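Chemist: Fold the following.
(one chain, ligands or ions: 1)
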Amino acid sequence: MPEMPEVETIRQDLSKRVCQKQIVSAEVRLARQLRAPKTIAGFESLVIGKTIYKIDRRGKYLLFDLGDVSIVIHLGMTGQLYYAQAIDDIDMTHVRFLFRLDSGEYLVFADIRTFGGIYAVKKERLKEISGLATLGPEPLSGELTATYLLPRLAKRKSPIKAFLLDQKQVGGLGNIYVDEALFVAGVRPMRSCDSLTPKEVEKLIGGIDRVIADGIRDGGTTFRDYRNGEGGKGEHQNHLFVYGRSGLPCTVCGNMIEKCTVGGRGTHYCASCQK
Ligand SMILES: [Zn+2]
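Modeler: Residues are numbered from 1 along each chain as shown. Below you'll find the model as predicted:
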């Protein structure tokens with residue numbers, strides 16, 4: 001699923017393409033992916049005629065600033081959000097929302113597995129979007145510190161990987177970048193939270209920031225469905241340490257990368273580099 005680097009890449013790409021343009025039509029092609037308001041007519045009345053001033057991101061959410069209203073988009077497992085110059089450039093097969101802009105261009109939301117969702121809300125009601133209101137501090141924000149993490153980890157016996165995947169604890173991480181960050185930190189994913197030393201927690205924060213920054217630098221990771229804001233693929237799949245590399249040699253020590261399940265998620269690690 002798109003994680004923070006993928007969503008940030010889309011934000012940066014689309015900011016160059018759709019900002020300061022007006023939404024002239026908003027076609028809802030799959031009503032159940034409209035999370036708010038309840039009706040298509042209500043959605044249209046909130047967004048049509050509005051200008052997209054700015055695009056922000058919180059965790060894995062994109063927030064389109066339309067003045068008094070925000071469009072909030074979560075890409076779910078397979079969501080794609082991209083810009084298209086003309087209708088003929090769009091493969092309509094999985095398109096769920098189609099915004100036409102006053103420039104004649106399009107903002108396209110496509111989603112194969114349909115776990116993604118779109119909200120349009122008055123700004124003062126943003127806090128009612130539950131997943132957004134409860135997001136924990138994000139990597140690279142300066143808020144994900146040892147002071148924040150240490151007391152939370154000390155009272156938990158759950159695997160560190162499960163903690164890092166919980167959006168209420170840390171916003172924006174998913175399966176790929178958690179495995180990568182734990183590798184950089186030298187910590188095995190199944191270790192209980194309360195077993196991490198302060199030194200390991202410092203290395204973990206450094207590891208998280210590094211893999212997220214590298215992921216953004218590379219325009220995200222594309223294994224299958226992820227596309228950037230221009231409809232193209234990311235590059236970070238070519239620079240992964242452990243994720244998707246089970247059975248291949250560790251790039252640091254040469255040992256075989258192992259795969260197991262932690263908290264129901266496929267998990268990749270090096271038993272030699274990670275303790
Ligand atoms: Zn290794």
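Chemist: right, and the helix or strand after the least confident helix or strand in the chain by mean pLDDT?
Modeler: Of all the helices and strands that make up the chain, helix 130-133 has the lowest average by mean pLDDT, DSSP states H and E, namely a mean of 92. Following helix 130-133 in sequence order, the next helix or strand is helix 146-154 (DSSP states H and E).
Chemist: And the least confident helix or strand of the chain, what's buried?
Modeler: Buried residues in helix 130-133, counting neighbours by 16 or more other Cβ atoms under 10 Å, are found at G131, L132. Just so you know, the C-beta spots here come from the backbone N, C-alpha and C atoms, and that holds for glycine as well.
Chemist: which residues are contacting that helix?
Modeler: The contact list for helix 130-133 (Cβ atoms under 8 Å, 6 or more residues apart in numbering) reads R58, G59, Y61, V72, H74, L126, K127, Q167.
Chemist: What is the nearest of those residues to A26?
Modeler: V72 (14.2 Å; Cβ to Cβ).
Chemist: before we move on, the earlier item: take the contacts of helix 130-133 and write them to CSV, including pLDDT, secondary structure and distance to the ion.
Modeler: Shown next, in CSV, are the contacts of helix 130-133 (pLDDT from 0 to 100; DSSP: H, G, I helix; E, B strand; the rest coil; distance: Cβ to the ion, whole Å):
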residue, pLDDT, secondary structure, distance to the ion
R58, 97, strand, 34
G59, 97, coil, 30
Y61, 98, strand, 34
V72, 98, strand, 40
H74, 97, strand, 34
L126, 96, helix, 43
K127, 93, helix, 44
Q167, 97, coil, 29
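Chemist: Which of those are buried? Put it as a PyMOL command.
Modeler: Selecting only the buried entries of the contacts of helix 130-133 in PyMOL, with 16+ other Cβ under 10 Å as the criterion:
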select buried, resi 58+59+61+72+74+126+167
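Chemist: pretty sure P37 contacts F43?
Modeler: Yes. Contact criterion Cβ atoms under 8 Å: P37 and F43 qualify, at 5.9 Å.
Chemist: before we move on, back to that, restrict the least confident helix or strand of the chain to CA atoms and write it as CSV.
Modeler: Extracted in CSV, the C-alpha atoms of helix 130-133 (Å, rounded to 0.1, in the frame of the first residue of the first chain):
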residue,chain,number,x,y,z
SER,A,130,-11.2,9.6,12.8
GLY,A,131,-8.0,8.2,11.2
LEU,A,132,-6.7,11.7,10.6
ALA,A,133,-7.5,13.1,14.1
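Chemist: List the contacts of the helix or strand hosting E44.
Modeler: Taking DSSP H and E as the criterion, E44 maps to helix 40-47. Contacts to helix 40-47, defined as Cβ under 8 Å, 6+ apart, come from residues 23, 26, 28, 31, 34, 37, 66, 69, 71, 99, 120-122.
Chemist: Could you rerun that using 6 Å?
Modeler: Applying Cβ atoms under 6 Å, 6 or more residues apart in numbering, the external contacts of helix 40-47 come out as I23, A26, V28, L34, P37, V69, A120.
Chemist: mind checking which helix or strand the last one is in?
Modeler: Here A120 is covered by strand 117-122, with elements defined by DSSP H and E.
Chemist: Report the distance from the longest helix belonging to the chain to the chain centre.
Modeler: Across the chain, the longest stretch assigned as helix under DSSP state H is helix 198-217. Remark: helix 198-217 is offset 16 Å from the chain centroid, using Cα atoms, centre = their mean, to the nearest Å.
Chemist: and the angle from that helix to helix 146-154?
Modeler: For helix 198-217 against helix 146-154, the angle by axes from the mean of the first three to the mean of the last three Cα atoms, to 10 degrees is 110 degrees.
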